[in-house]
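> After the sequence you'll find the predicted model.
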Amino acid sequence: MISASQRIARGLSRTTIPTARRGLGCTRTFSPLSSHGGSSNSTNCSVSSLDETSRINLSSPIIVDSRNYMTASHVSQFTNSGSGSVRAFSAEANDDIDNDVEMTRLVPHIRNVAIVAHVDHGKTTIVDELLRCASESVDDGENKGRGNDDLVMDCGDLERERGITITSKVTRLDYCQKIDGQENNDFVVNVVDTPGHADFAGEVDRILTMIDGVCLVVDAAEGAMAQTKYVLSRALKMGLKPIVVLNKCDKDEAWGRIEDGEVEMELMETFDSLGANDDQMEYVTVYASGKAGWATTDMDEARELASGKKERKVGDDSISMRVLLDTILKGITAPEVSPLVGIVNPDEEPFAMAATTVGKDNFLGRIATGRIYSGTIRKGDTVALIPRETADNEVENMNLESSAVTGLFVNRGVNRTDLDPPVASAGDIVTLAGVPENIAVGDSLTLASNPVDHALETPPINPPTLSMEIGANTSPLAGKEGTKVSSSNVRDRLYSETDNNVTLSVSRSASDAERSTIHARGELQLGILIEQMRREGYELTVSPPRIITTTCKETGVELEPFEEVIVDVETEYSGSVMDKLTGDRKGLLLEMSDSADGKTRLVFEIPSRGLLGFQSEIATATRGTAVVNHLFLENRAHAGHIGGVEKGKMISNAAGKANLFSLANLAQRGELFVSDGDIVYSGMVIGENSRAGDMEVNPVKAKETSNMRTQGKEEKMYVPPPKKMSIEELIGYMSDDEVIEVTPESFRLRKTELDSGARERASRSKKRKMMANNKK
């Protein structure tokens, strides 16, 4: 490997690019050349450990050079009252900086920020208002792409129905900041929406490498909730500076909590428990109402707005969402471009971008979205692909796959639009079309004519915790409701999902060649995938989930994943929640606190296995009032057998349409899953038995028609509404000898073995084995 000084002496164009964010919060910086021509470098493992920080004063115009970079010649403009830190290379280097050699540069006109919030805390409404304000600040109509009623971050039917973020999204805001009442200083704010659930951990870790700050949206009436903990903890570990937005301040119960300091204490405890440093604890708080469209950093002014004593006037930007935009510009660091040894002119820097998401467009071909860490890309440039696992010393000897960039795009609102002019530089987040066909998430793109010599490092992927087998539908009703019914169609779709979802892995089943084994992070992630495939026309057979265990290398002890569970429930049902989690599920109660609104918050630690099927049980026990959130903690020693006596099932022994006469009699024996007229078949689970053990029933039997008179001839029959469960609920509910039949129109629970005689023989064999093991 040629050293840095040798590269400078030889004048080589191929240069070494330092990684902007290596792993989690690890930044490599290089000292500029001294007067003796020497160089030095060092690696710091956290952003907070870097040397002196200077601040940009955004209250006055920022003067930048023609390339929109901030260089060493602009240091004199920095004060301690703005944003965008410049991280010095070393204390010694700071003293004798050469103005001809650039230090770490900032791209002052760009901000990359993630929006984090719990379900129904108003994240999509806030972003919608930010887009509206940004649109009003420019005259060229750049921020188009939203309807009057659609929320920008609500993308897809599943996200709208469930109210959660499933896939990350980036929307670009072109914003013109007002200074002294005059609009100047054009900025680009890339707002990134991240999934909040730990099941989508891989997506979160990738997205956080693109941003420089995080905006935490909290419902002022509810306070900080569990779903924000995962994303926030990852962001704090990376040294990102947070901004807190207390949303829905116009709620009646919000101001009592704010004035009592209850919300602020909860936030401080949350940040402290997640390992925030002193700088991160000094966050800025913005009081807002996304629905009403106002925001302010003044608590007294917010109280007047919330109570109706003060109304926002049309055109009054001092209390509009411009306040939040200006706070982002001041509080979030501008994108940082690490220096390249021997490169004085930024135009000569090699282009480098890490692919955060990849996809395929029928018209544009292969596309990739990511943040540019160095250099410039133009439409028509030829880019080369460096796989993420490539070693530093292998790139020069590799024959890199390359292709011409056919388009540069950005997302404005919900639409993907062409970047005009089609040129993008370091610090920006863009989508490239026409990238090499074999690109995968985490791979690096560079110019074929001036490549970097190693792949950009991306965060490691957390291991999966659940596995299940998925194959084509094998029930008697297979092929009647879907359009994609073969096992090859199902397997190809699963493999295509791993193309962009790096936390999923797919392999052929060891027990059945027609099935595929999929490994994932949790029930929700698997349920979302199955629901998406169902809506695409696939027919599936889904096996029960199994927790993935590991073995400790040092002790040889079997380990399984444990999770923290937070339950908010009406106080009268708190006892039921404790009974459900601390009994057979082997949960441990850590904390219990009551609130003034008659609710109780319970915090547990429990094996991940203990949460399978818990959602449906607790919803019934608390009449739907419980709000459950869980977060992965760590792998611990295996907790042993979990679960008590399984409830029995009512299994159909006949095929046909369910009859009202039979269902009325069966309803007295348990809870039904089907209604009058539903198609059933032998081996299908049609209900839950009120007693232990499975029961064979005939749901299609009709009342006999004869001339015999009966006393109950004119008696009216009544069948209670059937219990309908979602896919995630069925995944946690089914037994080891059952599978789920999924079709575009319905999903049914059935036994793996449809023949009742075969099931009986298998049951007897299982009992004999258990008795033999007990004797031993």
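Now that the structure is in, tell me what you want to look at.

> can you pull out the helices in the stretch 501-650 of the chain?
For the stretch 501-650 of the chain, helices defined by DSSP state H, counting those that start in this stretch occupy the ranges 523-535, 574-582, 614-621.

> could the ones you listed go into TSV alongside mean neighbour count?
For the C-beta atoms, the positions are set from N, CA and C on the backbone; glycine is no exception. What follows is those, written out as TSV (neighbours: other Cβ atoms under 10 Å):
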stretch	mean neighbour count
helix 523-535	21
helix 574-582	18
helix 614-621	17
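
> any chance of those helices in a markdown table, plus mean pLDDT and distance to residue 672?
Converted to a markdown table, the helices of the stretch 501-650 of the chain look like this (pLDDT from 0 to 100; distance: least, Cβ to Cβ, whole Å):
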| stretch | mean pLDDT | distance to residue 672 |
| --- | --- | --- |
| helix 523-535 | 89 | 23 |
| helix 574-582 | 89 | 23 |
| helix 614-621 | 80 | 15 |
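
> Could you say which one of the ones you listed comes nearest to residue 260?
The closest of the helices of the stretch 501-650 of the chain to residue 260 is helix 574-582. By Cβ to Cβ, the value is 23.0 Å.

> that older thread, format the helices of the stretch 501-650 of the chain as JSON lines; extra columns: distance to residue 589.
Listed next are those as JSON lines, based on distance: least, Cβ to Cβ, whole Å:
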{"stretch": "helix 523-535", "distance to residue 589": "22"}
{"stretch": "helix 574-582", "distance to residue 589": "6"}
{"stretch": "helix 614-621", "distance to residue 589": "15"}
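
> closest one to residue 309 among those helices?
helix 574-582 (38.5 Å).

> In this structure residue 599 contacts residue 573, no?
No. Using Cβ atoms under 8 Å, residue 599 makes no contact with residue 573, being 9.8 Å away.

> Next up, the contacts around the closest residue to residue 623 other than its chain neighbours.
Leaving aside its sequence neighbours, residue 623 sits nearest to residue 573 (Cβ to Cβ, 6 or more residues apart in numbering; 7.6 Å). Each residue near residue 573 by Cβ atoms under 8 Å, 6 or more residues apart in numbering is listed here: 621, 622, 623, 625, 626.

> Sort out which one of those residues lies nearest residue 525 for me.
For these, the residue nearest residue 525 by Cβ to Cβ is residue 626; the value is 21.7 Å.

> how close does residue 310 sit to residue 289?
Counting by Cβ to Cβ, to the nearest Å, the separation of residue 310 from residue 289 is 12 Å.

> So for residue 434, which of the helices of the stretch 501-650 of the chain sits nearest?
helix 523-535 (26.9 Å).

> Between helix 614-621 and the closest one, find me the angle.
If you take axes from the mean of the first three to the mean of the last three Cα atoms, to 10 degrees, helix 523-535 sits at 90 degrees to helix 614-621.

> Please name every helix or strand in contact with helix 523-535.
On a contact count with 3 or more Cβ pairs under 8 Å, 6 or more residues apart in numbering; DSSP states H and E, helix 523-535 meets helix 157-162, strand 466-472, helix 487-497, strand 515-520, strand 540-542, helix 727-733, strand 738-742.

> ok, now how distant is the spatially most central residue of the chain from residue 594?
With distances taken as Cα atoms, centre = their mean, residue 195 lies nearest the centre of the chain, 2.5 Å away. Distance of residue 195 to residue 594, given as Cβ to Cβ: 31 Å.

> Touching, the residue nearest to the centre of the chain and residue 166? I think so.
Yes. The pair residue 195 / residue 166 is scored as a contact, 6.2 Å apart, by Cβ under 8 Å.

> Could you list the low-pLDDT ranges of the stretch 201-350 of the chain?
201-202, 226-227, 313-316, 338-347 (pLDDT under 70).

> Mind jotting down where the strands sit in the stretch 301-450 of the chain?
Secondary structure of the stretch 301-450 of the chain, counting by DSSP state E, counting those that start in this stretch: strands at 336-337, 352-361, 365-374, 376-378, 382-386, 402-404, 407-412, 415-418, 423-425, 429-433, 444-447.

> Over to the stretch 551-700 of the chain?
558-570, 588-594, 599-607, 627-637, 647-652, 656-657, 670-672, 679-680, 685-692, 695-697.

> can you redo those as CSV with distance to residue 394, mean neighbour count and mean pLDDT?
Formatted as CSV, these follow (distance: least, Cβ to Cβ, whole Å; neighbours: other Cβ atoms under 10 Å; pLDDT from 0 to 100):
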stretch, distance to residue 394, mean neighbour count, mean pLDDT
strand 558-570, 35, 19, 87
strand 588-594, 48, 12, 90
strand 599-607, 42, 20, 89
strand 627-637, 33, 17, 81
strand 647-652, 56, 22, 89
strand 656-657, 64, 14, 92
strand 670-672, 61, 19, 92
strand 679-680, 58, 22, 93
strand 685-692, 54, 18, 90
strand 695-697, 63, 18, 91
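
> Looking at these, spot the one closest to residue 238.
Here strand 627-637 is closest among the strands of the stretch 551-700 of the chain (Cβ to Cβ), at 17.9 Å.

> got the angle for that closest one vs helix 614-621?
140 degrees.

> contacting residues around stretch 510-526?
Under the contact criterion Cβ under 8 Å, 6+ apart, stretch 510-526 has outside partners 197-202, 462, 464-472, 487, 490-491, 494, 503-509, 529, 541, 543, 545, 548, 608, 611-612, 632, 728, 731-732.

> Longest helix in this protein, by number of residues?
The longest helix of the chain (DSSP state H) is helix 756-775.
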